[in-house]
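Enquirer: Just a sequence and a predicted model for now, questions to come.
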Amino acid sequence: MKHYSKIFIIVIISSLLVTSSCKKEEEIIEGCTESTAMNYNATATSNDGSCVYAYDIAQGTWNITPNCEDINLPIIGPISLDTILPESIDVQGAGNGSLFIDINGAQISGEIDNSGNITIAEQTVSIDLGLGIPIPVQISGSGKIESENSGYMDLTFSGEIDLIPGIPPVSFNSTCHITLSK
């Protein structure tokens, strides 16, 4: 009887060792595992190469559709930024999330974060508002690159125009919602 109980104990211990040494298979979840990517998937366990980076997709030529408030100037009348802004803009990278946006030759600097949020700190550039001469204009705003083919920017254009020498300059302000597409 002692012989059978020893065999029984050995069989139980052996079976416990065998079952405890078996590893459970880990579930593989494909996706983007890079936390700096726009499409980061925190539950992904295997990088499938699908990562999309806002900084990379922001660069290139974008078609724009502006929707701007008119600038109303005495004597001259309304100026429509919708007709002055170009049909497309060129966006170039300067490293570390910095961008340069070319709007009709005016270089506007901006920043983009990992989620695609664009920030354009207030800066002064010269833009021809249709008067035949470049005028210093303050531009600031924000926006978002939503995908490889779409985004938007909300910009504010403001400044002063010296229409008649000796008379105080006329201030102007216009906000624009600009749709971006590729």
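Expert: Looks like it came in fine. Numbering: from 1, shown residues only.
Enquirer: right, and the helix or strand after the lowest-mean-pLDDT helix or strand in the chain?
Expert: Among the helices and strands of the chain, helix 2-21 carries the lowest confidence by mean pLDDT, DSSP states H and E, at a mean of 59. With elements assigned by DSSP states H and E, the helix or strand that comes after helix 2-21 is strand 30-31.
Enquirer: Distance check, the residue positioned nearest the centre of the chain against A58.
Expert: Geometric centre of the chain, nearest residue: G116, 2.3 Å, by C-alpha atoms, centre = their mean. G116 sits 7 Å away from A58, going by C-beta to C-beta, to the nearest Å. For glycine as for every other residue, the C-beta is placed from the backbone atoms N, C-alpha and C.
Enquirer: list the residues that contact both of the two?
Expert: I145, G151 (C-beta atoms under 8 Å, 6 or more residues apart in numbering).
Enquirer: Give me the secondary structure label for D56.
Expert: helix (DSSP: H, G, I helix; E, B strand; the rest coil).
Enquirer: residues touching the residue lying closest to it once chain neighbours are set aside, list them.
Expert: Nearest residue to D56, sequence neighbours excluded (C-beta to C-beta, 6 or more residues apart in numbering): G93, at 7.9 Å. Counting by C-beta under 8 Å, 6+ apart, G93 touches Y55, D56, A58, Q59, L99, F100.
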